[in-house]
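Participant: heads up, no residue letters with this:
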């Protein structure tokens, strides 16, 4: 080891995120994280009918505009990801642009988004597994038992290592996507592939309806940014993380276009059209006379739900780990497994909550489907807040480091304003109970966290200044390449 060279200024002895397996994940594992959390299979089966309920024949335009907004948000996030490798992702990014208070609002919103999405998709998996059991005529266990079993399997994979959990999630999600595409392909062939000019003209649709459809279309993409939580563990974070975010946004958009068109075309001429259906793909499969397609759909969506639950919990654990290293949350959440290099404290706590809440809902008499709708609605509130804040933080961050250019200066405020409009359309007018209660509960949680932070910042300003840690170059990285290589291989 070279010891007679001067030590570079501002180089740490140890990374603030030490304990994680730094520089150990390739591009595939990083991309798998974003794909799993986005859960395209589940979105392909459920989202188009929601968009069609407001946009009608303008559904494809809603997806087109929604994709543009999502790509703009992805561009803003990528600007941070090219310069910072942070386990806290949007929370840490926002801290560098809007300061600690903005970061707390973003972090709490993001934590709720990840946690509630993981809970909701466990319930979604349970619902579709029960559907599958009913179709094949076998007795099914209680949905609470299914949730506990799936949660235990996810926790096991996560503690054993991100490489294992991401590969499992990618394999599961990839298989479910393939199954859904097979179903869509069969339905297109049986109904005939043609171009419906009514969809191009958006016949019968209004600008207001298409705008509301944009709001619902964007919710299909939430979680596409979660690759950023693996920045400290990625082998080439400044390349692989932005690439994963961009690939996930574009790839899922293509899948959503195919799914939406197939379902719109399949119910063309049918009373009520796509908007009148609850499980449109299953209905199309039954109408086509191929009952086996329904079985594929049930298993595919259930698998997608499990992959999403695992990926969302993985991102949540990294976020809590980052907060713990800053002193924002309990210190034990910042501990890592000596062998696997995973934040096992944060994983165990987060998975316990993620499993217990759905089980309580089920034991209280809520159906798996209703529980899914309640929790996924509330999770969307959290994602929207985090996305808005990180977009608004971008120009200030780049100006502070002397790298502000015209593109980010325009993209950040524009994306933030567009998302504010989307969020407003999502929550106003407030829907009927219990959904309007969920919105006020969410606001109360975020407001409480911000007020608590402001009190702490007044009493201990040094704690507030620690918010926004990210992986930094260490002395070993600079002076001992062999040590760095061993760390990457471990």
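Facilitator: Ah, there it is. Given the structure is predicted, the values throughout are model-derived calculations rather than measurements.
Participant: count of residues packed around the nearest residue to residue 228 once chain neighbours are set aside?
Facilitator: Excluding the flanking residues, the one nearest residue 228 by Cβ to Cβ, 6 or more residues apart in numbering is residue 89, at 3.7 Å. Any C-beta I mention is one placed from the backbone N, CA and C, and that applies to glycine too. Look at residue 89: counted by other Cβ atoms under 10 Å, it has 30 neighbours.
Participant: One more: the one 5 residues further on?
Facilitator: Residues near residue 94, counting by other Cβ under 10 Å, number 33.
Participant: what do you get for residue 286?
Facilitator: Residues near residue 286, counting by other Cβ under 10 Å: 13.
Participant: my read: it touches residue 294, true?
Facilitator: Yes: using Cβ atoms under 8 Å, residue 286 is in contact with residue 294, at 6.3 Å.
Participant: got the contact list for the residue nearest to residue 228?
Facilitator: 110, 225-226, 228-229, 231, 315, 318-319 (Cβ atoms under 8 Å, 6 or more residues apart in numbering).
Participant: Who wins on neighbours among these?
Facilitator: Tallying neighbours with other Cβ under 10 Å puts residue 225 at the head of those, with 34 neighbours.
Participant: Correct me if wrong: that one contacts residue 77.
Facilitator: Yes: using Cβ under 8 Å, residue 225 is in contact with residue 77, at 5.1 Å.
Participant: any residues in contact with both of those two?
Facilitator: With Cβ under 8 Å, 6+ apart as the test, residue 225 and residue 77 both reach 90, 245.
Participant: hmm, back to that, distance of the residue nearest to residue 228 relative to residue 121?
Facilitator: Look at residue 89 and residue 121: by Cβ to Cβ, to the nearest Å, they are 19 Å apart.
Participant: just checking, what packs against the longest helix seen in the chain?
Facilitator: Using DSSP state H, we find that the single longest helix of the chain is helix 90-136. Contacts defined by 3 or more Cβ pairs under 8 Å, 6 or more residues apart in numbering; DSSP states H and E place helix 90-136 against helix 59-81, helix 143-160, helix 292-326, helix 344-363, helix 368-400, helix 435-459.
Participant: Pick the most buried one from these.
Facilitator: Comparing these by mean neighbour count (mean count of other Cβ atoms under 10 Å), helix 292-326 ranks first with a mean of 27.
Participant: mind checking how far that helix is from the chain centre?
Facilitator: Here helix 292-326 is found 9 Å from its chain centre; the criterion is Cα atoms, centre = their mean, to the nearest Å.
Participant: Which elements pack onto that helix?
Facilitator: Identification of packing neighbours for helix 292-326 by 3+ Cβ pairs under 8 Å, 6+ apart yields helix 27-38, helix 40-55, helix 90-136, helix 143-160, helix 162-191, helix 280-288, helix 344-363.
Participant: Turn those helices into JSON lines, including distance to residue 16 and mean pLDDT.
Facilitator: Formatted as JSON lines, those follow (distance: least, Cβ to Cβ, whole Å; pLDDT from 0 to 100):
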{"stretch": "helix 27-38", "distance to residue 16": "20", "mean pLDDT": "91"}
{"stretch": "helix 40-55", "distance to residue 16": "34", "mean pLDDT": "86"}
{"stretch": "helix 90-136", "distance to residue 16": "10", "mean pLDDT": "94"}
{"stretch": "helix 143-160", "distance to residue 16": "22", "mean pLDDT": "92"}
{"stretch": "helix 162-191", "distance to residue 16": "18", "mean pLDDT": "80"}
{"stretch": "helix 280-288", "distance to residue 16": "46", "mean pLDDT": "74"}
{"stretch": "helix 344-363", "distance to residue 16": "15", "mean pLDDT": "95"}
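Participant: can you tell which of those is closest to residue 432?
Facilitator: helix 40-55 (15.2 Å; Cβ to Cβ).
Participant: Since that was my last question, I'll sign off now.
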